[in-house]
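Asker: I need the structure of the sequence given here:
(2 chains, ligands or ions: 1)
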Amino acid sequence: MTDIRYLAPRTLDEAVAAFAAAQGAARILAGGTDLLVQMRAGVVRPGLIVDIKKIGEMTEIAETPEGGFRIGAAVPGATLAEHPRFGKAWPGVLEAINLIGSKQVQGRASPGGNLCNGSPAGDSVPAMIAAGAVVTIQGPQGRRTIPVEAVPAGPHRTSLAPGEILVSFTLPPRPAGASDAYLRMIPRTEMDIAVVGLGASLTLKDGVVTDARIGLGAVAPTVLLVEEAAKALIGSRLDDAALEAAAAACRAACRPIDDKRGTIAYRTRVAGVLLKRTVAIAAARAQGGN
Amino acid sequence: MNVITDKLRVEDNKWIGQRTIRPDGADKVTGRASYAADNTMPGMIWGKVLRSPHAHARIRSIDTSKAEALPGVKAVVTAKDIVDFPLETSVLLGIQDMRWMCRNVMAREKALFHGHPVAAVAAINEEVAVAACALIEVDYEVLPHVIEIEDAIRDDAPILHDFARFEGKPSNIAGTMTAKLGDVEAGFAEADVIVERTFRTRPIHQGYIEPQACTVSYSADGRATIWSSSQGQFMVRAMTSLLTGVPQSNIRAIPAEIGGGFGAKTIIYLEPVALLLSKKSGRPVKMVMTREEVMRATGPTSGSFSTVKIGAKRDGTLVAAKGDFYIQAGCLPGGPLRGPVGCAFAPYDIPHVLSVGYDVVSNRSKVAAYRAPGAPLGAYAAESVIDEIAEQLGMDPLELRLKNTARSGTKAAYGATFAKVTFEETIEAIRDHEHYKAPLDRNPRPGVRRGRGVASGFWYNAGGESSAQVNITEDGNVVVTTGHPDVGGSRASIANVTAELLGVDHGRVSVLIGDTASIGYSNLTGGSRVTFASAMVVTQSAEKVIGQLKERAAKIWKIDPEAVHWENGEARPAGPNAGQFPPLTLADLAARASETGGPIGAGVQLNTAGAEPGFATHVVDVEVDVDLGIVRVLRYTAAQDVGRALHPSYVEGQIQGGVVQGIGWALSEEYLYDRQGRLENAGFLDYRMPVCSDVPMIEAVMLEIPNPKHPQGVRGVGEAPIVPPLAAISNAVHDALGTRFYSLPMSPPKVLARLDEA
Ligand SMILES: Cc1cc2nc3c(=O)[nH]c(=O)nc-3n(C[C@H](O)[C@H](O)[C@H](O)COP(=O)(O)OP(=O)(O)OC[C@H]3O[C@@H](n4cnc5c(N)ncnc54)[C@H](O)[C@@H]3O)c2cc1C
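Answerer: Alright, predicted model coming up:
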C-alpha cells in the first residue's frame, strides 16, 4: 500500500524535470494500457506517475516541411486513424497501430507506449522500423534523435537513459511508388499477442524495387530490422527467388524462444511466410492498389 | 430455424414459443443487475486466500501469528476450522463427496496443486488481507508432482493419495466405471472392418465471465446469510452447512444474478471460508476471486487420454465398440467418468459394447462440471473413429450413422432402454439441410484448403427436485417464484409458460428466483434440467391457481366450480346451463379474494421425472491456412431435438453457445503448465477462448419433437450442443487436409508441424 503521486505537466521540460528527479521511482503514463495492467498485476509499483497527455507536442500529428509526418508519442491509435492524410501515406504503420487491442484500447493506446513498453511483440514497432522512423527523445541532457530500431534494448527494456522521455516519431516523406504493410500471426482473429509480426516498406519504380525495409517482431529479444531481407528485395521484381531469399533472411534473423505463445520452429517458419505475404500487400499498394 | 414435426397445437399458443423480452434483460443491459461481487454491507471486511506455491507438498505446519498481529486483520482460518471428513467414510451431497470438498476448499494434509488454498485472512481491506497472507508461514515439504495423465498412470509416478489403490497397488487411478453390453470380443470377431485409435484432449476452463464471489454475514445468534452467485442456492446452503457445521436451518443463501457457470458453479470454493471468517471476526466478509485465481484454482473440465475401437460389417452395421477413457479428476477423485463411459456409444444400436472409465488424479486443480460433463471427450473419440469407418467403407458418414441409430427399445450400455429416440431426425435434418448439400470449394485460394465434417452427440438430460410458487397479487397480476438460478434464460421461458396457462398478458407476469428461505428445495441449475423441471412445477402450480380462481368465481356466482371455465384470463360459466354471468377477470377475482376465501396462490414441490435424452448432429466447414497452420470455422449448422422451444431465442443461445465452446475446445483452448507444475496461462490473453470474430453465425436447427412426458413437451437443450463439435471439427480438418489429428487443440503449431511431416 504505497501512495502513488500523479502529475500531469503541461510542458515537456516540467515532465522531464519531475521524471528525472524521481530517479527511477517514476513511470511515464501515456494511454496506460500497458502501465495500468502491469500495476494491477503488481509487476510495477511506481511512486510517481507522470502523465504526458497534457503536453501539446506529445499528442499532435504534424506534417513536416519536407513532406513527412511527426507523430507525438502519446497520440492514441484512434486519433491517428482519423487523420485525413496519414493513412494514405503510411497504411502499414496505421494498420499496425490500429491492430493494438480493441476499440476501447484504441482510444488510449499510443505508439510511444507500444515502443517504450519494450515488448518484442509490440505491433507498431516492426512497422515503424520498416518505415524508417526516427524518434526524438528529451531528457535532462537535452534532445537527441535516434532511429526507432535503436530504442528496444531487450524484453521490457529500452535504450532511453534515466529521465528521458520519448517525444515523437518522425516519418520521412513518401516518394511516388512507395507503400507499406504490416501483418501479424495470432491464433485468434483479434485480442491477441503477435506470435510473429512483420512490417514491410517498399518503393517500386517500373516494377523494380528501389528501396525496402523490413521490421520483424516477436522472434527475438527485440524487434529487428532485417537488412538482409531488404537487400534481397532491392533490385528485384519481387520474383519468387527474391522473395524466397528475403524469407530465408527473415528466418535466419529469428532467435525466438519456445513459450506458451509459439514454438521456435513455428515462429521461424511463420517469419518467412509473413515476409512474402506482407511484401505482396505493400507492393500492391505501392503499385496503386490498396 | 424451427422445424415443428409433431402435433404441438402450437397454433393455439399465444406466449409459448414467442421471443418475449427477458425479465432480467433491462437490468442486465443497463448495469443494474446485481451480481455476486456487487453486494456490500455496513461493517463489511475483505477475505483473501493464501494459495500453495507448490504443485505438491506436505504441509508440516502453518504459523498464522504474524498475520494475526498485523493491524487491520480480523480473522484467519486454515483447514483446522473446516469440518474434517475422514478419508474412511464417504459423505455425499449429490455427486460431490465431502471428503474431497473439505480438502478442496482448504488444503489439509497436503497442498495438491499450485494455487490450492492453505489459509484465508479477513481484514479491513483487500490490501491488508493480501499483506497478511504474505505473513503466514507455511512449512512445506515439497514433493515430486505429476500433471499429465500418461505420467500419472505410470508405475513410478508420484502418488497423490495413499488411500487410492488400483489393482491392489498404490495408484493415481482413484476409481473406475464400466458400462457393458453383450460380449465385445465376440462382436469384434464378427466385424469386417475394425478401427482403433488413441486420442488426447487438454483440460478446458468453463470461462464464465463472472469470477466466484460472495458476501457472508454471520450474526451473533448463530445465523448466517450468504449472498453469492452459483448454480444452486440450495447446494450453497447444504455444502456450506456440511463444511462449517452450521445447520441448514441457520443458513440463508441468497442467489445473485450469475455471470455464467457452465457447470463450474455447481460446487463452491469461498462460501464456507467466508462464513468462518465472518464467524471469527463478527463482521460480514466479502471475497472475490481474481481471474487468475479462477483459472488456477476453480475446476476446469478434464483432459483425457482415450482409446476407442469400433468394428463394423461391410454393409456398415456396427457390431462392437470398446472404449478406455482415462479422465483427469484434478487433485482429488471425481472426474466425470459417466460422460464418456455412458454417452460415447449411446446414440447407436451396437450389440456389443465395453466402455471403461478411469478416474486419474494429478497435481491440478480439482475438475468441476462443464456442460455435458465428460461427454464431449467420449464423443470426440467415438465420432472420429466412426468417421474413419465410414471412410474405409466408402459410406457417407451420415448414412453410416443413420443405419445404426438407437431406436425406441434399444438398450444402451449404460443401462437405459430408450423410450422415444429422436436421433435419426437430427441426422436427417443435417443430411437434408442446404449446408450439407452445398458444394464446397476445396481450394479457394493458393495455400488454403477447406473441408467438411459431421458428428453427433448424446446427453442424458435430467429431472430432479424443483419447487415453484405462483401467487396472484392483490391487483390481479402474477408473481412466479422458482428455486433455480437463471443461467440461460429460464425466467423468460417460465414467464411464457405462465402467461399461456393463465391466459394473461406476458407483461403481467413477474418471475423471480427465491432464496433458500423463501422457496422450497430446488436442485442445481445444471444437466439441462431446469427448464424441463421448473416448467413442470410451474404448470402444476398454475393449474392449482386456476382451480382456485374457478372456485372463487363459483362462489361469487353461487354455482358449482365444475360449471366454471377459465379462458383467456377470465372465469366464464361453462355453458348456458351454468347460468348467465358476465366474465370475471383475474383482476376482478383478485379484488374479491379476501371475501371469497383469502389470498390466491399455490405452490408445487416435486421430484420431476420424464426428462428424455438429448441428441444432436452437427455439420461444419473449416478452412485451413496451410502456411500458418490456422484452422478457421467457416460455417456451422447444428440440429437438435429440443422438445418444445418455450422461448426460441434462449434455445438457440444454448445451441450456439455450446458450439462456440466446442470450437474453442477443438482449436485453441488448453491449460499449459511449466516444469514446476505451475499454470502458465491463467488469464484470457493466453488461455485462448474464441472471440466473436473467431466464429461464424451458428445456425441452430431446432427440431421441435415434443417430449411426451412433459406438459409442454420440453426436453433439456443445454448440454447436447457441446458434445459433437470436437469430432465434427476434427473430421472437417481431416477432410480438408487428408491427415487426421488425434489430439486437441488443433493449434497452429501442431497443424503446421503435421503438414510439414506429410
Ligand atoms: C486489452 C489489451 C489488448 C492489447 N492488445 C495489444 C496488441 O494487439 N498489440 C500490441 O502491441 N499491444 C497490445 N496491448 C498492449 C498496449 O495496449 C500497447 O502496448 C500500447 O501501445 C501501449 O500504449 P499506451 O499509450 O497505453 O502505453 P502506457 O501503458 O501508457 O505505457 C507503456 C510503457 O511505456 C512507458 N512510456 C509510455 N510513453 C512513454 C514515453 N513517451 N516515453 C517514455 N516512456 C513511455 C510507460 O511508462 C510504460 O512503461 C494490449 C493491451 C490491452 C490492455
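
Asker: The residue of chain B found nearest the ligand: what's it in contact with?
Answerer: Per Cβ to the nearest ligand atom, residue B:685 is where chain B lies closest to the ligand, at 7.7 Å. The C-beta positions use only the backbone N, C-alpha and C, and glycine is treated the same way. By Cβ atoms under 8 Å, 6 or more residues apart in numbering or on different chains, residue B:685 lies in contact with A:191, A:192, A:193.

Asker: and the last one, helix, strand or coil?
Answerer: Recorded secondary structure, residue A:193: coil (DSSP: H, G, I helix; E, B strand; the rest coil).

Asker: what sits against it?
Answerer: A:121, A:186, A:218, A:261, B:685, B:686.

Asker: Go again with 7 Å.
Answerer: Shown in contact with residue A:193 (Cβ atoms under 7 Å, 6 or more residues apart in numbering or on different chains): A:121, A:186, A:261, B:685.

Asker: same check, this time on the first one
Answerer: Counting by Cβ under 7 Å, 6+ apart, residue A:191 makes contact with A:102, B:691.

Asker: can you do 10 Å?
Answerer: For residue A:191, the contacting residues are A:101, A:102, A:105, B:684, B:685, B:688, B:689, B:691, B:692, B:693, B:694, by Cβ atoms under 10 Å, 6 or more residues apart in numbering or on different chains.

Asker: Please tell me I have it right and the second one contacts residue A:190.
Answerer: Yes: taking Cβ atoms under 10 Å as the contact criterion, residue A:102 and residue A:190 are neighbours in contact, 7.0 Å apart.

Asker: Quick check: neighbours shared by these two?
Answerer: Joint contacts of residue A:102 and residue A:190 (Cβ under 10 Å, 6+ apart) are residue B:691.

Asker: In a strand, residue A:93, correct?
Answerer: No: using three-state DSSP, the assignment for residue A:93 is helix, not a strand.

Asker: Spatially nearest residue to it (excluding sequence neighbours)?
Answerer: Of all residues not flanking residue A:93 in the chain, residue A:127 sits nearest, at 4.6 Å (Cβ to Cβ, 6 or more residues apart in numbering or on different chains).

Asker: go on, residue A:73?
Answerer: What sits nearest to residue A:73 in space, not counting adjacent residues and going by Cβ to Cβ, 6+ apart, is residue A:112, at 2.7 Å.

Asker: measure that neighbour to residue A:72 for me?
Answerer: Distance, residue A:112 to residue A:72, using Cβ to Cβ, to the nearest Å: 8 Å.

Asker: what residues are shared contacts of the two?
Answerer: A:30, A:52, A:58, A:166, A:167, A:168, A:169.

Asker: low-scoring stretches of the stretch 101-250 of chain A, by residue?
Answerer: The model of the stretch 101-250 of chain A has no residue with pLDDT under 70.

Asker: Provide a complete list of residue ranges assigned to helices in it.
Answerer: Along the stretch 101-250 of chain A, counting by DSSP state H, counting those that start in this stretch, helices occupy A:103-106, A:111-116, A:124-131, A:227-233, A:240-253.

Asker: what about stretch B:534-542, average pLDDT?
Answerer: The average of the pLDDT scores along stretch B:534-542 is 97.

Asker: quick one, strands of chain A?
Answerer: Assigned by DSSP state E, chain A shows strands spanning A:5-7, A:26-29, A:48-51, A:61-63, A:69-72, A:134-139, A:142-147, A:152-154, A:157-158, A:165-171, A:178-185, A:196-205, A:208-217, A:224-225.

Asker: ok, now the stretch 101-250 of chain B?
Answerer: Remark: strands assigned in the stretch 101-250 of chain B by DSSP state E, counting those that start in this stretch are B:110-111, B:117-123, B:137-142, B:165-166, B:169-170, B:173-181, B:193-201, B:213-218, B:224-228.

Asker: Return the list of helices and strands in contact with the last one.
Answerer: Meaning strand B:224-228. Applying 3 or more Cβ pairs under 10 Å, 6 or more residues apart in numbering or on different chains; DSSP states H and E, we find strand B:224-228 packed against strand B:213-218, helix B:233-244, strand B:251-255, helix B:271-281.

Asker: returning to what we had before: which one of the contacts of residue A:193 has the most neighbours?
Answerer: residue A:261 (25 neighbours; other Cβ atoms under 10 Å in any protein chain shown).

Asker: Let me see the contact set for the closest residue in space to it that isn't next to it in sequence.
Answerer: The shortest distance from residue A:261 to any non-neighbouring residue, by Cβ to Cβ, 6+ apart, is to residue A:195 (5.4 Å). By Cβ under 10 Å, 6+ apart, the contact set of residue A:195 is A:121, A:184-187, A:217-219, A:256, A:259, A:261-263, A:266-267, A:270-271, A:274, B:628, B:748-749.
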